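*Asks:* Predicted model and sequence below, questions to follow.
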Amino acid sequence: MQTVLIFGSNGLLGQNLVRRFKNHYHVLGSSVEQDNFLEALKVEYRAVDLTNRLQTRRLLEDVKPDIIINAAAFTDVDGCEEHREICWGVNVHAIENILESSVAFKPILIHISTDYVFDGEDGLYREIDKPNPRGNYARSKLAAENIILSGSLEYIIVRTQVLYGMGNKVRPNFVTWVVKQLQEGKTIKVVTDQIGSPTYAPDLAEAIVRLLENEAYGLFHVSSPDQISRYDFARKIAEVFELDASLIQPIETSELEQKAPRPRNSSFKIDKLFNYTGWEPDSVEKALIRFRKEYREYYA
Ligand SMILES: NC(=O)c1ccc[n+]([C@@H]2O[C@H](COP(=O)([O-])OP(=O)(O)OC[C@H]3O[C@@H](n4cnc5c(N)ncnc54)[C@H](OP(=O)(O)O)[C@@H]3O)[C@@H](O)[C@H]2O)c1
């Protein structure tokens with residue numbers, strides 16, 4: 001059985017990856033903090049700070065995994081403007097440490113990147129489109145992609161966006177935030193001028209397994225096949241969860257005064273994923289209906 005080492009196993013995607021991989025692979029989880037979820041699944045956990053070169057090398061030389069999935073990142077987009085060094089440490093130097101420590105045993109490297117590598121002026125981006133990152137988070141994620149491209153490992157880089165799902169003690173995501181606010185009868189303001197392709201975390205985990213098992217190496221965009229504004233997405237969430245959509249007020253991005261710039265339309269074309277795997281994630285509506293079931297079970 002092949003060994004998969006999942007960095008970022010405490011995070012939203014990491015937890016979904018562990019659940020998807022654990023029955024077919026020997027899985028090891030790893031994050032900085034104490035494990036917050038693997039013990040219950042009887043999956044082995046090893047803490048490591050990926051910005052620490054020695055710690056990273058010790059772990060990798062000890063485990064020598066067949067496959068590394070790097071879902072660890074500094075994901076606070078506005079925080080990256082304030083804490084550039086931490087952002088660069090986790091999002092860029094960590095990948096240098098991983099590559100340097102694994103050239104000797106040559107694992108397959110799967111790395112998660114983002115729609116933010118694009119400026120969002122056009123939308124419906126394909127893998128061949130030219131990135132133009134704005135802001136530190138975006139630049140750090142593109143820098144990591146470029147390091148992997150010039151490295152010697154077989155790789156799959158998966159760009160994703162507007163990730164949502166359930167996870168133990170993870171940060172709220174857009175969907176869980178909308179649901180919670182509306183359930184509490186609170187009014188929320190949501191932007192009409194940011195368009196994207198939301199991604200249900202179990203679908204992203206499924207795409208990663210399928211790419212790996214099809215030996216589909218290279219760069220791939222993974223999201224739902226739809227493009228939708230944040231405002232319309234919030235209304236769709238309200239509809240699926242049978243909550244009061246009149247609590248959702250439309251606003252424009254300029255009113256939010258966020259520290260980091262946001263792409264206006266960074267939606268994806270996902271034909272390449274389909275061409276290589278014969279599979280694509282569910283539509284926004286279908287995925288939300290599946291998420292509603294997961295959400296209700298989680299809080300039951
Ligand atoms: N969320 C989105 O909407 C979105 C959109 C596009 C792309 N992505 C990308 O998708 C990937 C997964 O995102 P996510 O939302 O699942 O992230 P997340 O929930 O914020 O989890 C990030 C994980 O990274 C770990 N980590 C942070 N610093 C680390 C370090 N120095 N060493 C080792 N591990 C470290 C954290 O560990 P602890 O919990 O132990 O601190 C956590 O497990 C990231 O690459 C992100 O850039 C996300």
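*Replies:* Received, thanks. Residues are numbered from 1 along each chain as shown.

*Asks:* buried stuff in the longest helix that the chain contains?
*Replies:* Identified as the longest helix of the chain according to DSSP state H is helix 284-299. For helix 284-299, burial by neighbour count (16 or more other C-beta atoms under 10 Å) applies to 284, 287, 288, 291, 292, 295. (C-beta placed from N, C-alpha, C; glycine too.)

*Asks:* so what's the last one up against?
*Replies:* Contacts for residue 295 were tallied using C-beta atoms under 8 Å, 6 or more residues apart in numbering; they are 166, 176, 179, 241.

*Asks:* if we go to 7 Å?
*Replies:* Contacts for residue 295 (C-beta atoms under 7 Å, 6 or more residues apart in numbering) come out as 166, 179.

*Asks:* Quickly find the element holding residue 27.
*Replies:* Element membership for residue 27, per DSSP states H and E: strand 26-30.

*Asks:* Close to the ligand: what parts of the stretch 1-150 of the chain are there?
*Replies:* Taking C-beta under 6 Å from any ligand atom as the criterion, the stretch 1-150 of the chain approaches the ligand at residues 7-8, 10-14, 31-33, 48-51, 71-75, 90, 112, 114.

*Asks:* change it to 5 Å
*Replies:* Contact residues, the stretch 1-150 of the chain versus the ligand (C-beta under 5 Å from any ligand atom): 8, 10-13, 31-33, 49-51, 71-73, 75, 90, 112, 114.

*Asks:* among those, which ones are buried?
*Replies:* 8, 10-13, 31-32, 49-51, 71-73, 75, 90, 112, 114.

*Asks:* Now, those residues that are in strands?
*Replies:* 112, 114 (DSSP state E).

*Asks:* wouldn't residue 103 be in contact with residue 152 here?
*Replies:* Yes. Residue 103 is within contact range of residue 152, at 6.0 Å (criterion: C-beta atoms under 7 Å).

*Asks:* Mind giving me the packing neighbours of the strand holding residue 27?
*Replies:* strand 3-7, helix 12-21, strand 44-45 (3 or more C-beta pairs under 7 Å, 6 or more residues apart in numbering; DSSP states H and E).

*Asks:* Which positions in the second one come out as buried?
*Replies:* Of the residues in helix 12-21, 12, 13, 14, 15, 16, 17, 18, 19, 20, 21 count as buried by neighbour count, 16+ other C-beta under 10 Å.

*Asks:* residues in contact with the fourth one?
*Replies:* With contact taken as C-beta under 7 Å, 6+ apart, residue 15 is in contact with 9, 37, 167, 168.

*Asks:* ranges for the helices of the stretch 201-300 of the chain?
*Replies:* In the stretch 201-300 of the chain, the helices defined using DSSP state H, counting those that start in this stretch lie at 201-213, 230-240, 271-277, 284-299.

*Asks:* ok, the closest residue to the ligand within the stretch 201-300 of the chain - how many residues close by?
*Replies:* With C-beta to the nearest ligand atom, the shortest gap between the stretch 201-300 of the chain and the ligand falls at residue 201, namely 7.3 Å. Per other C-beta atoms under 10 Å, the neighbour tally for residue 201 reads 27.

*Asks:* Quick check, it in contact with residue 17.
*Replies:* No. With contact defined as C-beta under 7 Å, residue 201 does not reach residue 17; the gap is 8.6 Å.

*Asks:* Let me have the helices and strands packed on strand 26-30 in a markdown table, extended by mean pLDDT and distance to residue 218.
*Replies:* Converted to a markdown table, the helices and strands packed on strand 26-30 look like this (pLDDT from 0 to 100; distance: least, C-beta to C-beta, whole Å):
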| stretch | mean pLDDT | distance to residue 218 |
| --- | --- | --- |
| strand 3-7 | 98 | 19 |
| helix 12-21 | 97 | 19 |
| strand 44-45 | 95 | 30 |
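
*Asks:* I'm done for today, thanks for sticking with me.
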